[in-house]
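S.K.: take this sequence and fold it.
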Amino acid sequence: MKNQLALLALLTLAGCAQQPANNATPASQQTSTANTSDETNRARIHTELAADYFTRTQYAIALEELRDALSSNNRYAPAYNMMGLVYMELKEDKPAEDNFLRAIALAPGESETRNNYGWFLCTRNRISEALTQFNIALTNPLYPSPERALTNAGICSLKANDMSAAQGYFERALKFQPNQAQALAQLATLYYQQGRYTESKTLLARYFEVSQPTAATLWLGVRLARQTGNRDDEASYGFQLRKRFADAPETRLLMNGQYQ
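M.R.: Numbers count the residues shown, from 1 in each chain. Model prediction:
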């Protein structure tokens, strides 16, 4: 598979490399440009393969691919970003942070790298630093998925017990992407805590349309149904919670009747 992808990439480059007949670019410069393109393309292919292995939790193979990527082009920022993610999952914080920072140094305007580094910082309880990275990501008007950084900023604000900021981030995320599952679930929970049961129920219903139930969302459903007097929904959510997540803390709360 790796060789096939590399061959395909090289053939694609060859088909696009033709210069206009009247282009006076020196042959040496043409060769240098072609070599640079080939190196970058090889780095891209290895990084994409690494991302695929990363999603399968095959971290050792992902790292091998990323080392191949950087041996082809040691200034390819996405490879450093991906390497940061791998080391983050391996709980190797120093190389994770070093690679995120290297990616940012090479491509400071790349919002997804800022988002990933921000999430790393958030999971390490470096809240203010994390929020700085998320907000830098959001300054890019060309960022194709700002709802990701907004949702992560909201979750990070919750860790700091800043409910007002978290609510603002989640509401903004849903303006960009109304079906952002995490933002729907988190905002539904915040609305429930504020006694805004109708709004919470609406968001939770939208969540169940776009994502699989979790113990937390089913437990929220149980409590919402109980507050609004819907015994059928309360029984349905409770049944699903016991069946799907028998060992979850939320199930223990349900069994003990601890609804608050």
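
S.K.: CA only for contacts and neighbour counts going forward, please
M.R.: Noted.

S.K.: what about N161, which SS state?
M.R.: Per DSSP: H, G, I helix; E, B strand; the rest coil, the local secondary structure of N161 is coil.

S.K.: that one: how many residues sit nearby?
M.R.: By the criterion of other Cα atoms under 10 Å, N161 has 11 neighbours.

S.K.: going forward, the N-terminal residue is numbered 24.
M.R.: All set: I'll call the first residue 24, so the last point we hit is now N184.

S.K.: need the phi and psi values for it.
M.R.: Main-chain torsions, N184, degrees, to the nearest 10: phi 60, psi 30.

S.K.: give the contact list for it.
M.R.: Applying Cα atoms under 8 Å, 6 or more residues apart in numbering to N184 gives no contacts.

S.K.: same deal with the one 5 residues further on?
M.R.: With contacts defined as Cα under 8 Å, 6+ apart, the neighbours of A189 are A176, G177, I178, C179, S180, L181.

S.K.: again, but for V109
M.R.: Per Cα under 8 Å, 6+ apart, neighbours of V109: F77, Y82, A85, L86, A119.

S.K.: just send these back as JSON lines, with secondary structure, distance to D255 and neighbour count too.
M.R.: Output for the contacts of V109, formatted as JSON lines (DSSP: H, G, I helix; E, B strand; the rest coil; distance: Cα to Cα, whole Å; neighbours: other Cα atoms under 10 Å):
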{"residue": "F77", "secondary structure": "helix", "distance to D255": "42", "neighbour count": "20"}
{"residue": "Y82", "secondary structure": "helix", "distance to D255": "45", "neighbour count": "20"}
{"residue": "A85", "secondary structure": "helix", "distance to D255": "48", "neighbour count": "25"}
{"residue": "L86", "secondary structure": "helix", "distance to D255": "50", "neighbour count": "22"}
{"residue": "A119", "secondary structure": "helix", "distance to D255": "48", "neighbour count": "23"}
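
S.K.: how about those in TSV, adding pLDDT and distance to Q209?
M.R.: Below are those laid out as TSV (pLDDT from 0 to 100; distance: Cα to Cα, whole Å):
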residue	pLDDT	distance to Q209
F77	97	26
Y82	98	30
A85	97	32
L86	98	33
A119	98	28
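
S.K.: out of those, which is nearest to T225?
M.R.: Among the contacts of V109, F77 lies closest to T225 (Cα to Cα), at 34.9 Å.

S.K.: pLDDT weak spots in the chain?
M.R.: The chain contains residues with pLDDT under 70 at 24-59.

S.K.: any idea which residue sits dead centre in it?
M.R.: R171 (6.1 Å; Cα atoms, centre = their mean).

S.K.: out of the contacts of V109, which is nearest to T237?
M.R.: Using Cα to Cα, those come closest to T237 at F77, 23.4 Å.

S.K.: thought the closest one was touching E87?
M.R.: No - contact criterion Cα atoms under 8 Å: F77 and E87 do not qualify, at 11.3 Å.

S.K.: nearest to G141, out of the contacts of A189: which one, please.
M.R.: A176 (8.3 Å).

S.K.: by contact count, what packs against the helix or strand harbouring that closest one?
M.R.: Take DSSP states H and E as the rule and A176 turns out to sit in helix 169-182. Applying 3 or more Cα pairs under 8 Å, 6 or more residues apart in numbering; DSSP states H and E, one finds that helix 169-182 contacts helix 134-146, helix 150-161, helix 186-199, helix 204-216.

S.K.: among those helices, which is nearest E222?
M.R.: Closest among the helices and strands packed on helix 169-182, using Cα to Cα: helix 204-216, at 6.8 Å.
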